Structure formats: C-alpha cells, structure tokens
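In: coords below, sequence missing:
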C-alpha cells in the first residue's frame, strides 16, 4: 500500500494507436517550454528635502521597508533548517519515484510464428496533474539459436491519454479501447485493427455508467468469433423524484429540466472504501456489428457482478456467460482487500442474436436461466476456462470467508464443463490446491494469489502459470490443474520477488526486483527435450525502469537479507504453525562502521505481507541514510493458515511482541543502534506503530503513522468493515458475535485492545498522515489520537490530505507524505 509516484519527464503528445505490430508510423511531439525568471531590479528611493526631520524619517522608513522585504516567509510547519532538509530530500525523492511501473503486458504471434510481438502498459505518475500518466511500449521478440532472446523495442512509447481499459481480442487482430468519461458525457468504445480505428461507439449514461476498471469487479470478455463483448459497468442512475413550483411531479424522469429540481430518493448502500459514488456493477453485452448494448437479463438485483468470461461456444445453442456474484444480503460491507465476502460463480444464458429480430429475443430470457455453479463452496472468483473448454478453474478464499479473516490462505478448484451446455448447480468441485495449514520447511506454504493472467495456460492445456507469495517473497508457480502438481519455476535460491506479466507461448515474461534492485524484465523458458521442470531465466534489456546514476549508486551501496526470527514463548502457541519462526527483511548500508538509524516498517491488514520487491518509498528512506527492518509478524500471508490464524484475538499483544522480538534480534546482532530506532506503519501497521510507542515508550525516538487504527471502540460504528473489529479483537468467536449495535462490554473490550489505551505512556514525537475521505479507518480516529498526544505534551505533527482515501496514493499526497516522513525521522535521528 505504501507506493510512491512522481513525474519524470514532460508529456509525450497523445497519439492514436495505429498498430499492434509496429509503431514506426507513430509520431510523438515533445513539447518543452522555456522557463523565465524575472530579472531582479535595484530599488531606488527618492526623498524630497522639505526638512531635515522629514529626511531623517524617510531614511528610517526606507530602512524598515528594506528589512521587512528581506524577511523570508516559510511554509506552514517549516523552519529554516527543515526547509533545507525538504529541499535536498525532495530532489532525491523525485528521482526515485520517477521510475516507471509495468501494469500489464500482452503477446501476439506473428504470421510466421517465428517472431512474436508484445505490448506493455506502463504508468508513471504526473505530479502536476496529480494522476498517473499511462503509455504503451511495443517490442518484437525473437529467440536466437544460442539460447538467447532478443527484444527489439520501438524507439518511443505512446501516451494513452484518457484510456481506461485496453483488451486485445482472442485472435490478437483487434484491440478494444474503452474511455470512461469524467462527467456525464457518453462512454467511448473503440475497436482498432492493426492499422486503423475500425469502429467507434458512443454509449450514453442512460444505458449504463462507467465500465469497471478496478481489478476486482472489472471484467471484459470477447466471445469466440469476436462479434460480442461482455463487460461490467455501473448500472444507469435510477429515476429520482422531481419537484416543481406545484410540488411533486408524477412520473419520475432522468432528464434535467430548468423548471424543476431533483430529490435524492432512497439511499443505496455501496461497497465501501474505493467505491464511494459508484453504482451497482451490472452485466452488459455489446454487439460489435450493430453497436447495440443490452443489459443481461435474469440476474437478481441483490447480486453485484464481476469478472465475467464467455463460456466455450456450442454450435446451435445459446451461449453462457460465467461471472462472479457477491450478494448484498443482508448488507454491503467494504470489499476492497476483503476476501471474506461470500461470492459464487454463476452462469447465465445469453442468446446469440445475429439479426434485428433475434436481438429483440434477447429481452425474453427468463430469470430461471441463472445457475449457481459453486453452491457447495463459500467463495469462488477469477474463473478461467481451459483452452479446450472442458473444465473451469477458479480461486477460492473459503478459508477467509469461513473464519472471518479479511484475507487468508487461498485454494484452487476445478469443475468439469459440460460439452452439451446442460449446466446444473450440483456440479462436483475438485480441489486442485487445498488450503495448506502448516508446511514442512522448504515446501510449498500455501496459495496466496491475488490475480490471474487472462491467458494463464501453457500449450499442454492443463498447466497454469501464476504468481504467489512464498513467505517474504513472491514467486512464480506452474500448476497442473489435473494432477495438482505444483512447481516453483522462479529460481529457488533467489530472495528477489518475481511476478509473471504474460506468456509467450510456453515461455514466461516476468519482472523480478528486490528492495535494492529496480525491476528487471526476465524471459523464462525450458527445454522440453531435457527436463520440463528445469527453467532458466534470461535477462531482457529494457529502459523501462531506467533511473539516474545517483539513484543507482545509492541503491548499489545497500544490501538486504531475509532474517528468520524465532518465536518467543513457544509454549503459548496453540498450533505448530504458530510456533514456527516468522521473517523480517533487513536493508542496510554495505559500510562496516556504526549502523545507520533504523526504521521499523510494518504492513497493514494485519493479514497482508511485505514482499522483498522494489518499493520506491522504501528505497527513498534507505537512500537518505536509514536501515530498514520490514517485519512480517505472525498473521502475515505466505506462511500457512495456522500461523495466520494465530493472530485474530491477539492483536495488540502477539503482533506487538513479534515486532519487539525482531527489533531485539537485530540489536543483538549489532545491526541496529538501540538509541536511534523509529517506527512507520499504515492502517493496521499504524495500529502497531501507535501501540509500540505506548507499550515500549523508551524504544523509539520517533514514529509516523498513515491512517492508523487508534481507537477500535470509536471506529466500529463508522468504518466500512465493522466485522474486522470483531474478528481481530475476539478471534474465532468474532464472526458469530458480530453486530451492528455493539454492547457496552464490546466497546470496553475494543478500547482496551486499542493504542489509545496506552496513550499516557507515549513519549516519541509522532507524525500522523490522514486521508480525509478514508472510509476504512475514518479520519476522526487519527485526529482523536493526535489531539490526545498534544494534550499530553507529546510533539505531534498532523497532515490531512483532503481528497485521499485509505491508501493515500494520489501522487501529490503520496509524495508529500513520504517527504515528511523522511524529514521527520532525520530530525530525531541526528
């Protein structure tokens, strides 16, 4: 969640997307405006010699005016010393955060089959515009006889201004480009061929709102003959009551009229954080021949839909769409990062209309065509059909749903798909990867996969390639969905994190990185004739992640390791998994003299994980002279279900003790100076940060918390995830006792588990950074804590970002946030 973004270069002028195979005919105009600074001019004072006294008075006034003009006005909260620190750190921060990121990638086979083409969707923050700049970079890929691979990149990227989503067709001959409007204008659907824009459709807001591009409800799927596209969009705004000078107007209308005004109508609940103002996700199909858009019928109103895919076609029958459905019964709770929301795979019949007459039949589909495919399991999402269409694979978070933990160990499942399209809800669900409770050392720790590729299959039709967390690393796995065989195909001896971007036939395009190494594109392949389990990885030359020599020098002067931290009080552990060592990532300078000041970094969740991947924000903090101790306390993802489930009911104690144990471990090893330790965390990491400075007040010289959970008793009634409060405070009983009306006993217990109960002991100067639009940990939580600190004389600084939500990820806010963290810690670690 702690991400940094900043603009590196001026805007490449927007260009049309002309070809998947070449961009030789693209033109990009670089615009640079000269900057002028006004020339300084001397001041001249002219005095009229009326009298000696007037001359003297004028001279005094002139001197006072000169002095007043020389007074430097500083920004709020800065003194001269801090301003200098701001200036030096901000320059470095801009250089680090200018590094681009790859969001997605696609590959396409050429006609000859010898060379493939690839497109990379890249983003780079634009600080001035306070948004991400998106652009495309293309390359041709050829494998050479000497076991090398050659990527021929186009000279320049092309900015995709205003583009929300890009989805190639199954054949790779067409490209769908969707532009969501920022106002009430129509949406724009564009269909591109290899050389030009083929079709363009304007879809008015009366048909549906913006297409979902959030990575969760988001779903866009071409059918097999590329004539239809199914997608998820906001349902149209419902009619609202109208009033005029005579009172209520009968017959609600969506149109605006100058002689009347709209009421609000009934309040509709939303899906919490990140979805404020978003209407219900609904399913639509556009016919690319006619341009007509239809809302898919037969889906009950209580279902929010997402992640739609077309089922394999059967000649002479209507097609099915398979999608994920989340029920709003009894209410909608926050869904972002919350895998414990029950969901199921559903199939709905869609007629294959080929004529105007057939299109009218589309409206006649009855609700009985909706089939729940996964009734016997509490969670099913990310559906993917095998290439031959014989089975459907999906992920499940049933461990999360059944326990109440907002994220937990995942599982992978398979159902057979009927070749005659006679679908029933009693289909047998086969476990491909079951939930792993406690793995033996060095063995697969369980599935922790947050997404799938749209085309994850190797040519055998039964092996998937996916990324998953393995302790403190992300790794790439191959999974045979028929046999259940799991292989770690990224290097087993690497402490770097690896993430798959796309497949190129039976080869893998991925990125790998570490806390001190910027991402690098890798090309993975194996020799089928020798051993299909022996993958080798080739370096790919690319300028995508290019950074300045200064940044490279600073990063290369550091080292990192993943440290095993033994658990204290093993006798108190109820399971084998809870007693196993947890991990911390330690980043330090290579120099051999006294250790640098230490920042303890704590992730949120608590059921999340800090990975050994490159983080621009953390690279900045290490580059300004800090060692980092990034703690994956018990309860983190990637270590098995028993270790994860050991934390609920023990927050504020077990996790706090794990962090203190990790700190003591590096102190005992001589890696940290006990008099120069700071702590930083966001969300639950902020909960730990504020707990630590209260429970161990002499341990830390300064602290910084981003949207911290400080008082659960006040949070429970206003957060979008009140069930989190019960689950994490009460443990396994929390799910059953959860209520929207907490008792006095519950509120007391919540308070006692909160950092605010230790506030009287806090000594460390504390920086608190808050997003005013946060629905997860509303801003009042952090403000109450900061006011209580100030009331007790603790030095406290608060920055509120008025338009940010829980993550504080808007480029300007994120930049200012980490700049202040760096300056704050430097101030107290001199």
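Out: Thanks, I have it. As the structure is a prediction and not an experimental result, all values here were calculated from the model.
In: not counting sequence-adjacent ones, nearest residue to residue 204?
Out: Excluding the flanking residues, the one nearest residue 204 by C-beta to C-beta, 6 or more residues apart in numbering is residue 186, at 4.8 Å. Every residue, glycine included, has its C-beta placed from N, CA and C.
In: pLDDT score for that neighbour?
Out: The per-residue pLDDT reported for residue 186 equals 94.
In: try the one 3 residues further on
Out: Per-residue confidence at residue 189 stands at 97 (pLDDT).
In: beta partners of it?
Out: Counting by DSSP bridges, residue 189 forms beta bridges with residue 178, residue 201.
In: same check, this time on residue 305
Out: Beta bridges link residue 305 to residue 325, judged by DSSP bridges.
In: for the residue nearest to residue 204, give me its contacts.
Out: When contacts are counted by C-beta atoms under 8 Å, 6 or more residues apart in numbering, residue 186 touches 202-205.
In: can you list those in a markdown table and add secondary structure, neighbour count and pLDDT?
Out: Shown next, in a markdown table, are these (DSSP: H, G, I helix; E, B strand; the rest coil; neighbours: other C-beta atoms under 10 Å; pLDDT from 0 to 100):
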| residue | secondary structure | neighbour count | pLDDT |
| --- | --- | --- | --- |
| 202 | strand | 10 | 96 |
| 203 | strand | 20 | 96 |
| 204 | coil | 12 | 95 |
| 205 | coil | 17 | 93 |
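In: closest one of those residues to residue 739?
Out: Nearest to residue 739 among the contacts of residue 186: residue 205, at 38.8 Å, using C-beta to C-beta.
In: partner strands of the strand or helix carrying residue 509 and their direction?
Out: Here residue 509, judged by DSSP states H and E, is contained in strand 507-514. Looking at strand 507-514 with DSSP bridges, its partner strands are strand 497-504 (antiparallel), strand 517-526 (antiparallel).
In: which one, of those strands, ends up nearest to residue 545?
Out: Closest of the strands paired with strand 507-514 to residue 545 is strand 517-526, at 4.6 Å (criterion: C-beta to C-beta).
In: in the helix or strand just after that closest one, what counts as buried?
Out: Proceeding N to C from strand 517-526, the next assigned helix or strand is strand 535-539, under DSSP H and E. For strand 535-539, a neighbour-count test (16 or more other C-beta atoms under 10 Å) marks 535, 537-538 as buried.
In: low-confidence stretches in the stretch 1-150 of the chain?
Out: 1-72, 111-113, 146 (pLDDT under 70).
In: ok so, going back, give me the phi and psi for the residue nearest to residue 204.
Out: When read as degrees, to the nearest 10, the backbone of residue 186 gives phi -70, psi 150.
In: try residue 734
Out: Torsion angles at residue 734 (phi, psi; degrees, to the nearest 10) stand at phi -60, psi -40.
In: is it in contact with residue 651, as I believe?
Out: No: at 10.9 Å, residue 734 does not count as touching residue 651 under the criterion of C-beta atoms under 8 Å.
In: once you drop chain neighbours, what's closest to residue 331?
Out: Residue 331 sits nearest to residue 269 (C-beta to C-beta, 6+ apart), 6.1 Å away.
In: doesn't that neighbour fall inside a strand?
Out: No: checked against DSSP: H, G, I helix; E, B strand; the rest coil, residue 269 lies outside a strand; its state is coil.
In: from residue 186, how far off is it?
Out: Using C-beta to C-beta, to the nearest Å, residue 269 is found at 27 Å from residue 186.
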